[in-house]
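> Give me coordinates for this.
(one chain, ligands or ions: 3)
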Amino acid sequence: MSSMEPAAPSALRRFAVLLIGAALLAIGAALTRTAGPSPVRAPFAFPAVLLFPLYLAALRKPLDFEYRKDAQSVTLVQLPLVLGALLVTPWLHLLMCLAAQLVDSLLLRRDPPSKFLYNAGAGAVEVALAATAVGVMAATGTPSPAIWLVLLIGILAGDAIGQLALQSILALLGRRPSGGEIRLTMIVNLISSTVFTSAAVVAISAAYTEPATLAVTTALALTMGLFYRAYRKQAAREQGAEQLYGFVRGLGPVSVDSQEASELLEEARLLLHCRHLDLAVCDERTGSWHHRLASDPDSAELADSRTTLREAPAAPEQDNSSRQITTSLLGSQGLVGVLTASGRLGTTRGFELGDVRLLETIALELATAFERGRLLADLRRSATLDGLTGLPNLGETERQVELLLTSDSSEVVVVAVSVDSFREVNDSLGHQVGDDLLVEVAQRLRNACPSGVVGRIGGGRFAVAVGALDTDGAALFGLSLRAQIEGTAQIGAVDMHVRLSVGCATSPDNGHRAGTLLRRAEVAMFSARQAAGGPVLWEPAYEISGQRRMAVVTALREAISNGAVGLAYQPKFDVASGQVTGVEALARWTHPALGPIRPDEFIPLAEASGLIGALTTSVLRDSLGACARWRAAGLEAGVAVNVSALTVLDPRFVSEVAATLRETGVNPTLLTLELTESVLLRDPALAVERLNELRTLGLRLSVDDFGTGYSSLTYLKGLPVDEVKVDKGFVDALAEDPADRAVVRAVVEIAHTLGVRVVAEGVEKQEQQDSLASLGVDEVQGYLLARPMPEEALRRWAAQLPARSRAAR
Ligand code: C2E
Ligand code: CA
Ligand code: CA
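Ligands and ions are numbered 1, 2, ... in the order given. Sure thing, here's the model as predicted:
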């Protein structure tokens, strides 16, 4: 007889199952009624009531066969069955059998009624068929080979009917055992029935000639049974040890919520021979418990999910019983989880001490694997994420952009963003404030692009990548990023302005690989620093000079610290008197290998690479030094120094200028600082503040390249400046273009009402100078009157000027 597992079927099916059990019972009873008395006469008195304890013992102590996840229980009921069929009247035999089933199934095992009914019915059919088989024989008095044969046939027939009923019940309950499982059950039943029936017949036959042998054979059978149990235990232990070794050996770092963890759990379940293995893991952040469950696929209530996840608020109870055993998973930081096995398969005894030990071993191994998995994940995180902002670092950003490129067949826009003034904030307000600024910008970027790639690619530099936009879109996207991120930010106690420079590169136009696109976006971004923040779209021209840029920046850094950057001085003249009013200091540098390099090339590079501050310092010192020397030589000429936007906004610049003036002993009124309009555009409020501070030193301020920027004339009104320099672009076509003349005229008009002098630069022709004079421009500067020249040359040039031209302003 095989045991049947309870399930959770519908009411109708449950009723059908009850019907099958009842039908079996009815068939058994009917057959028993027709069965004649046994033809065999016992040579000794065999009280029928002895069958009850024999049946009960056979039912209570089944022999287990375990093969991987299949478990077969075989009972030794053939012994009381043969005894009963040969020595007891069919009705009494049936009564004893049913009584034993009742006690075992209903009272001790607490099976549901349907299961008891099936077990009782199957037992009744076996008893009846065995009795019928023996009854057809002619009375012989002693057991013969013929009796043995019919008895065997009767018992096997009873077995077959019971099996058939069982398979129909399983089918009704929705469990379809595999063909292999059915075959295994059949074979085990056939063999065990044949062997045990034969053994019983032989034992009883022997008792006919010598009743005392019954005691010997019973003792022998008992001993063999015990041996078998011992062997089974040992074999199971060995098999378990081998499986455990296999389990442990294959165990690497595992993440708790990975598919691998589910597979491991299933493997552990098989090792433990249990129906359910539940792993409860505590979520560090939420404190709630997540359950991961590995279940026997044959368990009807969980038939569709082998491992499932559910959430529970509290930790699972931890107490052990024969039905369920539990142990905790301990990691280096305490309780990691709780592992619970329930429903021991293939045994009627439930869990034993050995199972608890096995569970503990498995828990220990799992805890180690999960711990290592966690460490590995941490390591991976720290290798791919930026520690400060939590954004992907450069390598990870590149990987994610690459992913975006392969997943998005259309365009991808890669934007490089630099936080201007990050360096200055860091230097002047400390690293903590600088860090907070970056965290704030990172947050704003993430909010602005919730679906795109956002990463930190360097100190104050970030990258953003989004798909499906055209090139027009790149510029607009860059602009919208600026609009969303720029503005005031409260960092600690400080209110600061966030300003960005933005460069873009698009795929497929500007490249196909993430690395190329990121680099090109960054090149465009550096350019954007000189274009009021951009966005600047990358162009092939940037690439051509890429290597040269590197070489230039490296050599420039060295040249500045060695004082190898020189100066040329270009005079300015008063239009009305023709006198020299001062000179403009212009940086000059010759690269050791590349030859002379124009300021138009190295000044933007110095700005982009952070060298401009040092360069300005050296120009300021050198030109004021020259100014002092000219004065000593009798030439009273002021000097104008060009100052970049970034330098003007630097709060340390004012004190630096003051110190240099003091050191060189030059009268502050002789110094003019030339600033471009972009200074004023980037942060007007701050710029005006700085300009006022500079002006209180007593020096003059000039707006360079006037007319090229976005500023309008009305800007002039609020600015503390002394001079505007009309850009060369307006001067070039002055004779031909009436519009240019109109601009210059307007500039002169407004400047004069504000008390600001107007200088025209890049004057190359006499006609230009004549026009400028007629428009009321105060001063001119250009190749027509004088080219930029070194300090000594300027002194000699000035010495040969007519005396009236030499006088200073
Ligand atoms: P800028 O301040 O507008 O300087 C005037 C530029 O025009 C100078 O070019 C000068 O040599 C050139 N120039 C003067 N007269 C004429 C003319 O009649 N015709 C033509 N075609 N050009 C004329 P340079 O020296 O190449 O300087 C270029 C720019 O580099 C400057 O433009 C200025 O913005 C920047 N720069 C030069 N030295 C420094 C410096 O020490 N610091 C900073 N921050 N910028 C500098
Ligand atoms: Ca200038
Ligand atoms: Ca200029």
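
> Nearest to ligand 1: which residue in the stretch 601-750 of the chain?
Residue of the stretch 601-750 of the chain nearest ligand 1, by CB to the nearest ligand atom: Asn642 (3.6 Å). C-betas here are computed from N, CA, C, even on glycine.

> Look at that residue and tell me its secondary structure.
strand (DSSP: H, G, I helix; E, B strand; the rest coil).

> Can you report how many residues lie near it?
Neighbour count for Asn642, taken as other CB atoms under 10 Å: 20.

> repeat for Tyr231
A count of neighbours around Tyr231, defined by other CB under 10 Å, yields 10.

> And Glu360, by the same measure?
For Glu360, the neighbour count with other CB under 10 Å is 14.

> try Ala212
A count of nearby residues for Ala212, using other CB under 10 Å, gives 8.

> leaving aside the residues next to it on the chain, what's closest to the residue of the stretch 601-750 of the chain closest to ligand 1?
Leaving aside its sequence neighbours, Asn642 sits nearest to Glu674 (CB to CB, 6 or more residues apart in numbering; 4.8 Å).

> what about the one helix or strand that neighbour maps to and ligand 3, touching?
For Glu674, the element it lies in under DSSP states H and E is strand 671-676. No: counting by CB under 5 Å from the ion, ligand 3 is not contacted by strand 671-676; separation bottoms out at 7.3 Å.

> Would you mind pulling the contact partners of that strand?
582, 584, 624, 627, 638-645, 648, 657, 661, 691, 694, 699-705, 709, 722-723, 725 (CB atoms under 8 Å, 6 or more residues apart in numbering).

> one more time with 7 Å, if that's ok
Under the criterion CB atoms under 7 Å, 6 or more residues apart in numbering, residues 582, 624, 638-643, 645, 648, 661, 694, 699-705, 723, 725 lie in contact with strand 671-676.

> What is the least confident helix or strand in the chain?
strand 307-312 (a mean of 42; mean pLDDT, DSSP states H and E).

> Following it in sequence, what is the next regular element?
Next in sequence after strand 307-312, counting helices and strands by DSSP H and E, comes strand 324-331.

> gap between that following strand and the chain center?
Centre-to-centre, strand 324-331 and its host chain are 29 Å apart (CA atoms, centre = their mean, to the nearest Å).

> Ok, stretch 509-516 next?
That offset, for stretch 509-516, works out to 25 Å (CA atoms, centre = their mean).

> same deal with stretch 195-210?
That offset, for stretch 195-210, works out to 72 Å (CA atoms, centre = their mean).

> Can you list the buried residues in that stretch?
By 16 or more other CB atoms under 10 Å, the buried positions in stretch 195-210 come out as Phe196, Thr197, Ala199, Ala200, Val201, Ala203, Ile204, Ser205, Ala206, Ala207, Tyr208.

> and if you look at stretch 629-640?
Buried residues in stretch 629-640, counted by 16+ other CB under 10 Å: Trp630, Arg631, Leu635, Glu636, Ala637, Gly638, Val639, Ala640.

> In the stretch 51-200 of the chain, where is pLDDT below threshold?
Counting by pLDDT under 70, the low-confidence segments of the stretch 51-200 of the chain come to 64-73, 138-142, 175-177.

> residue ranges for the strands of it, please.
63-67, 70-74 (DSSP state E, counting those that start in this stretch).

> Longest helix of this structure, counting residues only.
When the chain is parsed with DSSP state H, its longest helix is helix 213-249.

> Mind checking what helix or strand follows it in sequence?
Criterion used, DSSP H and E; the element after helix 213-249 is helix 259-272.

> Check which residues of that next one are buried.
Within helix 259-272, the residues scored as buried using 16+ other CB under 10 Å are Ala261, Ser262, Leu264, Leu265, Glu266, Glu267, Ala268, Arg269, Leu270, Leu271, Leu272.

> residues contacting the residue nearest to Asp111 when sequence neighbours are not counted?
Leaving aside its chain neighbours, Asp111 sits nearest to Ser105 (4.6 Å; criterion: CB to CB, 6+ apart). Neighbouring residues of Ser105 by CB under 7 Å, 6+ apart: Asp111, Lys115, Phe116, Asn119.
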